[in-house]
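> Here you go, sequence then predicted model.
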Amino acid sequence: MATDNAPKLQPRGRKVKILATTGPATADAEVLRRLFLAGADAFRVNMSHGEHAMHAATIANIRALEAEFGKPIAILADLQGPKLRVGKFAEGRATVAHGATFTFDRNPEPGDASRVELPHPEILDVVEVGQRLLVNDGKMRFRITAVQDGTLVCRAEVGGVISDRKGVNVPDAEIPIPALTEKDRKDLAFALDQGVDWIGLSFVQRPDDLAEARRLMTGTDGKQRAALCAKIEKPSAIRRLDEIIEQADGIMVARGDLGVELNPEEVPPLQKRIVNATRLTGKPVIVATQMLESMIESPAPTRAEVSDVANAVYDGADAVMLSAETAAGDWPEEAVIMMASIARQVESDELYKERVRLLDTPPDPTTADAMAHACMTIADTVKIGAIGVFTSSGSSARRVARERPAVPVMVLTPNIDVARRIALLWGAHPVATKDIGSFEEMVAKGKRMALRHGFASAGSRLAVMAGVPFGQSGATNLVHVVTVKGDELEGYSGEG
């Protein structure tokens with residue numbers, strides 16, 4: 001992928017990754033380019049909004065950036081998921097007083113201040129007296145007082161104005177609906193055809209929700225056409241968190257809906273729990289939603305938002321995400337610059353290494369895990385510029401990143417799909433390069449790529465991890481520390 005003609009990018013100077021959402025504010029290719037140069041490592045395409053033609057143009061622009069700079073970029077297509085909504089009102093809206101009785105039923109007639117249709121029998125069939133219904137992102141709260149003949153009689157604990165097709169959340173029950181709607185299936189097929197690297201599955205409630213997506217994401221060769229990211233935004237998902245993490249390739253802490261269905265004070269400790277549980281597996285975990293929300297309209301964030309981003313970095317999240325800030329905001333480039341600046345400031349804190357390793361991630365009893373742990377120890381003991389990891393599947397890179405080493409992880413792989421997916425991994429700098437066939441070639445290429453990508457200079461050292469025999473997945477059994485000479489790039493051209 002990389003050529004000597006490609007513009008040279010300096011290392012980001014941070015290990016946490018930035019995932020920027022695309023949208024109307026990034027429709028122009030030059031804006032996307034500025035976001036990338038400002039520090040965006042990956043891009044999220046939100047399938048809830050926009051037409052396929054717009055998304056196709058965005059993906060093409062991202063791939064053009066990738067070709068221009070020779071740097072693999074991850075693209076995550078975020079599926080909308082099942083949306084539960086009320087019906088319509090005779091006057092488009094109605095006002096429900098605090099403490100008033102309000103009914104949700106199956107009657108398709110337009111609603112009023114006393115009732116409205118709830119066109120989801122799957123809700124009516126499973127909820128119970130005492131449970132809650134939240135409407136309009138939780139702004140209105142109803143408590144069920146009676147369930148009778150397909151009708152939910154409720155008391156409005158928090159009233160207000162309710163209008164046509166507002167969303168409904170049911171935090172106290174697991175709703176038996178599939179994770180993929182017909183729209184999601186079409187969007188998934190489109191995204192896979194476009195060659196995206198990650199699929200975000202919304203409103204996951206149970207491990208089985210991932211099974212259908214896996215099936216649809218499997219190519220005719222039996223391989224997964226993209227990695228699967230489970231979005232944790234339902235209390236029911238928290239109850240089966242470890243099983244969902246096991247079935248997914250990555251996790252997103254989707255704090256928007258999670259904050260609707262839970263009390264606000266419950267979300268921060270849950271965020272830490274989800275981050276820690278995912279980190280233990282070595283899979284990437286993304287902290288998302290409202291991180292720099294005020295920068296949708298303001299060129300500067302609030303102090304609380306800065307602390308929010310900083311805490312996610314201190315917790316060791318692999319990536320932090322910008323949503324409307326870059327998709328539709330007035331200051332998309334500034335939002336990326338600010339997030340990158342916060343991350344660099346946190347990671348330069350002398351206490352950062354200690355904080356990010358508060359979570360004990362003991363190696364599994366395998367040779368590959370022992371090698372990954374050794375790389376972390378070498379980086380703590382010997383001054384090295386980076387850890388170079390040769391991998392065909394990405395597994396070795398995840399093992400090393402799980403240790404949260406003190407230096408960047410340069411991931412060298414012959415598989416461009418793996419290189420792109422790795423772009424969301426903490427500390428990883430993916431390099432798509434030709435495979436190696438010997439120990440001597442491994443050493444030479446490791447040093448050459450470290451020089452080329454700014455992780456080494458003459459006299460600096462590099463730890464290289466690989467497997468013998470070379471080119472065989474799952475054979476990681478070698479760590480070698482090498483010294484880089486100044487003439488490693490002499491006579492070299494191309495990507496190597």
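The structure has been received and is ready for your questions. Residues are numbered from 1 along each chain as shown.
> Which parts of the stretch 201-350 of the chain are strands?
Assigned by DSSP state E, counting those that start in this stretch, the stretch 201-350 of the chain shows strands spanning 227-232, 250-254, 285-288, 319-322.
> Need those strands in TSV (columns: distance to residue 334 and mean pLDDT).
(C-beta placed from N, C-alpha, C; glycine too.) As requested, the strands of the stretch 201-350 of the chain are exported to TSV (distance: least, Cβ to Cβ, whole Å; pLDDT from 0 to 100):
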stretch	distance to residue 334	mean pLDDT
strand 227-232	27	98
strand 250-254	24	97
strand 285-288	19	98
strand 319-322	11	98
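> Residue 31: which of these is closest?
Counting by Cβ to Cβ, residue 31 lies closest to strand 319-322 out of the strands of the stretch 201-350 of the chain; the figure is 13.3 Å.
> got the contact list for the closest one?
Applying Cβ atoms under 8 Å, 6 or more residues apart in numbering, the external contacts of strand 319-322 come out as 16-21, 41-42, 44, 252, 284-289, 291-292, 309, 312-313, 332, 335-336, 339, 343, 424, 426.
> Where does the prediction get shaky in the protein?
Applying pLDDT under 70 to the chain flags residues 1-8, 471-472, 474, 486-496.
> would you list the strands of the stretch 201-350 of the chain in TSV and tack on mean neighbour count and distance to residue 65?
Formatted as TSV, the strands of the stretch 201-350 of the chain follow (neighbours: other Cβ atoms under 10 Å; distance: least, Cβ to Cβ, whole Å):
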stretch	mean neighbour count	distance to residue 65
strand 227-232	26	20
strand 250-254	27	22
strand 285-288	27	21
strand 319-322	26	17
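> Any chance of a ChimeraX selection covering the buried ones in the contacts of strand 319-322?
To isolate the buried subset of the contacts of strand 319-322 in ChimeraX, counting by 16 or more other Cβ atoms under 10 Å, use the following:
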select :16,17,18,19,20,21,41,42,44,252,284,285,286,287,288,289,291,292,309,312,313,332,335,336,339,343,424,426
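> Just put the strands of the stretch 201-350 of the chain in JSON lines and tack on distance to residue 261.
Shown next, in JSON lines, are the strands of the stretch 201-350 of the chain (distance: least, Cβ to Cβ, whole Å):
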{"stretch": "strand 227-232", "distance to residue 261": "11"}
{"stretch": "strand 250-254", "distance to residue 261": "11"}
{"stretch": "strand 285-288", "distance to residue 261": "16"}
{"stretch": "strand 319-322", "distance to residue 261": "19"}
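> For residue 50, find the nearest of these.
Closest approach to residue 50 among those (Cβ to Cβ): strand 319-322, 16.9 Å.
> List the strands paired with the closest one, with their directions.
strand 17-21 (parallel), strand 285-288 (parallel) (DSSP bridges).
> Now these in JSON lines, please, with extra columns for distance to residue 321.
Converted to JSON lines, these look like this (distance: least, Cβ to Cβ, whole Å):
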{"stretch": "strand 17-21", "distance to residue 321": "4"}
{"stretch": "strand 285-288", "distance to residue 321": "4"}
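> Out of the ones you listed, the one nearest residue 100 is which?
Closest approach to residue 100 among these (Cβ to Cβ): strand 285-288, 35.5 Å.
> In CSV, list the C-alpha atoms belonging to that closest one.
The C-alpha atoms that make up strand 285-288 are tabulated as CSV, following Å, rounded to 0.1, in the frame of the first residue of the first chain:
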residue,chain,number,x,y,z
VAL,A,285,-13.4,-1.1,23.1
ILE,A,286,-14.8,2.2,22.0
VAL,A,287,-16.3,4.9,24.3
ALA,A,288,-18.9,6.8,22.4
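> Now do that strand: distance to the chain's middle.
Using Cα atoms, centre = their mean, to the nearest Å, the mean C-alpha position of strand 285-288 is found 5 Å from that of the whole chain.
> How about stretch 190-200?
The chain centroid and the centroid of stretch 190-200 are separated by 14 Å under Cα atoms, centre = their mean.
> Surely residue 413 and residue 432 touch.
Yes - taking Cβ atoms under 8 Å as the definition, residue 413 is a contact partner of residue 432 at 6.5 Å.
> So for the two, which residue has more residues nearby?
Between residue 413 and residue 432, counted using other Cβ atoms under 10 Å, the more crowded position is residue 413 (25 against 22).
> Return the distance of that one relative to residue 431.
7 Å (Cβ to Cβ, to the nearest Å).
> How about residue 258?
According to Cβ to Cβ, residue 258 stands 35 Å off from residue 431.
> quick one, what contacts the most centrally placed residue in the chain?
By Cα atoms, centre = their mean, the mean C-alpha position of the chain lies nearest to residue 286, the distance being 4.0 Å. Residue 286 makes contact with 19, 229, 250-253, 317-321, 424, according to Cβ under 8 Å, 6+ apart.
> Name the nearest residue to residue 80, sequence neighbours excluded.
residue 48 (4.1 Å; Cβ to Cβ, 6 or more residues apart in numbering).
> meant to ask about residue 343, not that
Leaving aside its sequence neighbours, residue 343 sits nearest to residue 14 (Cβ to Cβ, 6+ apart; 4.4 Å).
> same check, this time on residue 124
residue 150 (5.2 Å).
> My read is that that neighbour contacts residue 103, right?
No - using Cβ under 8 Å, residue 150 is not in contact with residue 103; the gap is 10.8 Å.
> neighbour count winner among the two?
Between residue 150 and residue 103, counted using other Cβ under 10 Å, the more crowded position is residue 103 (17 against 13).
> next one: phi and psi at the closest residue to the more buried one other than its chain neighbours?
Sequence neighbours aside, residue 115 is the residue nearest to residue 103 in space, at 4.1 Å (criterion: Cβ to Cβ, 6+ apart). For residue 115, the backbone dihedrals (degrees, to the nearest 10) come out as phi -160, psi 160.
> what does residue 396 give?
Residue 396 adopts backbone torsions of phi -60, psi -40, taken as degrees, to the nearest 10.
> Pairing-wise in the sheet, spell out the partners of residue 102.
As for beta bridges, residue 102 partners with residue 154 under DSSP bridges.
> wait, what's in contact with it?
Residue 102 makes contact with 96, 113-116, 142, 154-156, according to Cβ under 8 Å, 6+ apart.
> Likewise for residue 480?
Shown in contact with residue 480 (Cβ under 8 Å, 6+ apart): 442-443, 463-466.
> Minimum distance to residue 182: which of the strands of the stretch 201-350 of the chain has it?
Of all the strands of the stretch 201-350 of the chain, the one in closest proximity to residue 182, counting by Cβ to Cβ, is strand 227-232 (19.2 Å).
> Return the list of strands paired to that closest one, each annotated with direction.
Next to strand 227-232 in the sheet, as set by DSSP bridges, lie strand 198-201 (parallel), strand 250-254 (parallel).
> can I get those in a markdown table with distance to residue 70?
Rendered in a markdown table, the data for the strands paired with strand 227-232 read as follows (distance: least, Cβ to Cβ, whole Å):
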| stretch | distance to residue 70 |
| --- | --- |
| strand 198-201 | 21 |
| strand 250-254 | 24 |
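> Out of those, which is closest to residue 122?
With respect to residue 122, and counting by Cβ to Cβ, the nearest of the strands paired with strand 227-232 is strand 198-201 at 18.6 Å.
> So which residues of the stretch 51-200 of the chain form helices?
Counting by DSSP state H, counting those that start in this stretch, one finds helices in the stretch 51-200 of the chain at the ranges 52-69, 121-124, 182-193.
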